[in-house]
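Undergrad: sequence isn't available, so here's the structure alone:
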C-alpha cells in the first residue's frame with residue numbers, strides 16, 4: 001500500500017499500540033492542543049522525509065513493533081512497513097516546538113487545555129529548553145494559549161522570541177493574533193507565522209471558538225503575507241467539525257490565493273467534542289488531492305517550510321511530502 005494511504009489510515013485511527021523493545025525515549029507528550037493530557041505520542045518514519053505522528057493506545061488496531069535502536073515496523077491492515085521511530089527534540093523531530101502558556105482563558109470546544117493544570121514557562125526556562133536540544137534541531141517554533149489576555153500573551157511571546165534570537169535558527173510563531181501582531185513579529189526577525197482560522201466557515205468558528213474572531217485571524221493572515229512573503233504564512237483548518245468538503249475547498253482556495261498555505265488538520269476528538277468521530281481515511285485522501293491541486297495552482301510548496309507543522313508533517317497529509 002502506498003504511503004499516503006497508510007498514513008491516512010493512521011490519521012483516521014489516531015493511535016498505535018507499541019510492542020517490542022522499550023520505546024520510552026521515543027514517546028513525547030504535549031502541553032497544548034487536543035493531545036494535551038494524553039499518554040503521549042510517537043513519530044514513525046519510513047524514510048524519505050516522511051513521517052506520521054500517532055497517539056499511544058494499547059487498544060489500537062495498528063501496531064508499531066520496536067526492534068531496538070529506533071528500528072521499527074508499522075503493522076497495519078495486513079501490511080508491514082519498515083522504518084524508524086524518530087525521537088522528538090521538543091514535541092517533534094528536528095524542532096524545539098514549545099508551548100509558552102499551557103493554559104487558556106478561551107474555551108474552544110475541541111481543546112482540552114482550559115481544563116488542564118497548565119502553567120506559563122519562564123523566559124529563561126524556555127532558553128534552557130532550546131539549549132538542551134540545540135545540537136539536534138533545525139528550527140524553533142513557539143505556540144501558546146492565552147493566559148490572561150491576547151495582548152498580554154503576545155507581549156510575553158515577543159519577550160520569548162527576543163531571548164531566542166541568539167540561537168540563529170529560523171523561528172516560527174503560532175499565537176492568537178491581535179492588530180499589529182504580524183508587524184511586531186516580523187520586526188523581531190521571525191521567519192514564519194501560523195495564525196489558525198481553525199474552521200472552514202465563520203459560522204462554525206463562532207460555534208467552536210466563542211469569544212474569538214474568525215475575521216480578525218483572516219485579516220492578520222492577509223497582512224502577514226505582505227511582510228513574510230507568500231508561502232511563509234500558514235493556517236490550520238480542522239477537518240471533521242461538521243463542514244462539507246465544498247466548504248473546505250472554498251476556504252483552501254481563498255487562503256492559497258492570498259499566499260497562505262492551509263494546513264488541513266484531522267480532528268482529534270477532545271473536550272466537548274470527545275464523542276465526535278475522526279475523519280475517515282477516504283475523506284482525508286480525497287481532500288489531500290484537492291489540497292495539492294490548489295497549492296500547485298497558487299505556486300505554494302509546503303516542502304519549503306522552515307518551521308512548525310508544515311515542516312514536521314506528522315499530524316497531517318501534506319502535499320509534496322506524502323505520496
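TA: That came through fine. Since the structure is predicted, the reported quantities are computational estimates derived from the model, not experimental observations.
Undergrad: residue 265 contacts residue 235, correct?
TA: No: using CB atoms under 8 Å as the test, residue 265 is too far from residue 235 to be in contact (10.0 Å). C-beta: built from backbone N, CA, C; applies to glycine.
Undergrad: so where do the helices sit in the stretch 201-323 of the chain?
TA: Ranges of helices in the stretch 201-323 of the chain, per DSSP state H, counting those that start in this stretch, are 202-208, 214-228, 245-257, 281-298, 308-312.
Undergrad: pick the most buried one from these.
TA: A comparison of the helices of the stretch 201-323 of the chain by mean neighbour count, using mean count of other CB atoms under 10 Å, puts helix 308-312 on top with a mean of 26.
Undergrad: how far away from the center of its chain is it?
TA: Computed by CA atoms, centre = their mean, to the nearest Å, the chain-centroid distance of helix 308-312 equals 7 Å.
Undergrad: that helix - contacts with which helices or strands?
TA: Helix 308-312 is packed against strand 95-99, strand 139-143, strand 171-174, strand 192-194, strand 233-239, strand 261-266, with contacts defined by 3 or more CB pairs under 8 Å, 6 or more residues apart in numbering; DSSP states H and E.
Undergrad: any weak-confidence spans in this protein?
TA: Applying pLDDT under 70 to the chain flags residues 30-38.
Undergrad: how about residue 85, nearest residue that isn't a chain neighbour?
TA: Nearest non-adjacent residue to residue 85, counting by CB to CB, 6 or more residues apart in numbering: residue 26, 4.1 Å away.
Undergrad: scratch that, residue 206
TA: Closest residue to residue 206 apart from its sequence neighbours, by CB to CB, 6+ apart: residue 214 at 7.3 Å.
Undergrad: and the one you found, what does it touch?
TA: 197, 198, 199, 202, 205, 206 (CB atoms under 8 Å, 6 or more residues apart in numbering).
Undergrad: wait, doesn't residue 116 sit right on residue 101?
TA: No: using CB under 8 Å, residue 116 is not in contact with residue 101; the gap is 11.6 Å.
Undergrad: so between those two, which is more surrounded?
TA: Neighbour tally, residue 116 and residue 101, criterion other CB atoms under 10 Å: the higher count belongs to residue 101, 24 against 16.
Undergrad: before we move on, the earlier item: gap between the residue nearest to residue 206 and residue 235?
TA: With the distance defined as CB to CB, to the nearest Å, residue 214 ends up 11 Å from residue 235.
Undergrad: what of residue 167?
TA: 26 Å.
Undergrad: which one of the two is surrounded by more residues?
TA: The residue with more neighbours, out of residue 167 and residue 235 and counting by other CB under 10 Å, is residue 235; that gives 23 against 16.
Undergrad: and that one, what are its bridge partners?
TA: Beta-bridge pairing for residue 235 (DSSP bridges): residue 262.
Undergrad: list the residues that contact it.
TA: 194, 195, 196, 197, 217, 221, 255, 260, 261, 262, 263.
Undergrad: which one among those gets closest to residue 77?
TA: In terms of CB to CB, no member of the contacts of residue 235 lies closer to residue 77 than residue 263, at 26.2 Å.
Undergrad: contacting residues for the closest one?
TA: Under the criterion of CB under 8 Å, 6+ apart, the neighbours of residue 263 are 194, 234, 235, 236, 237, 302, 309, 310, 316, 318.
Undergrad: tell me the two of the contacts of residue 235 that are most distant?
TA: Among those, 217 and 261 lie farthest apart (CB to CB), at 14.7 Å.
Undergrad: how about a markdown table for the helices and strands packed on helix 308-312, with distance to residue 295 added?
TA: Listed next are the helices and strands packed on helix 308-312 as a markdown table, based on distance: least, CB to CB, whole Å:
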| stretch | distance to residue 295 |
| --- | --- |
| strand 95-99 | 22 |
| strand 139-143 | 21 |
| strand 171-174 | 19 |
| strand 192-194 | 16 |
| strand 233-239 | 12 |
| strand 261-266 | 7 |
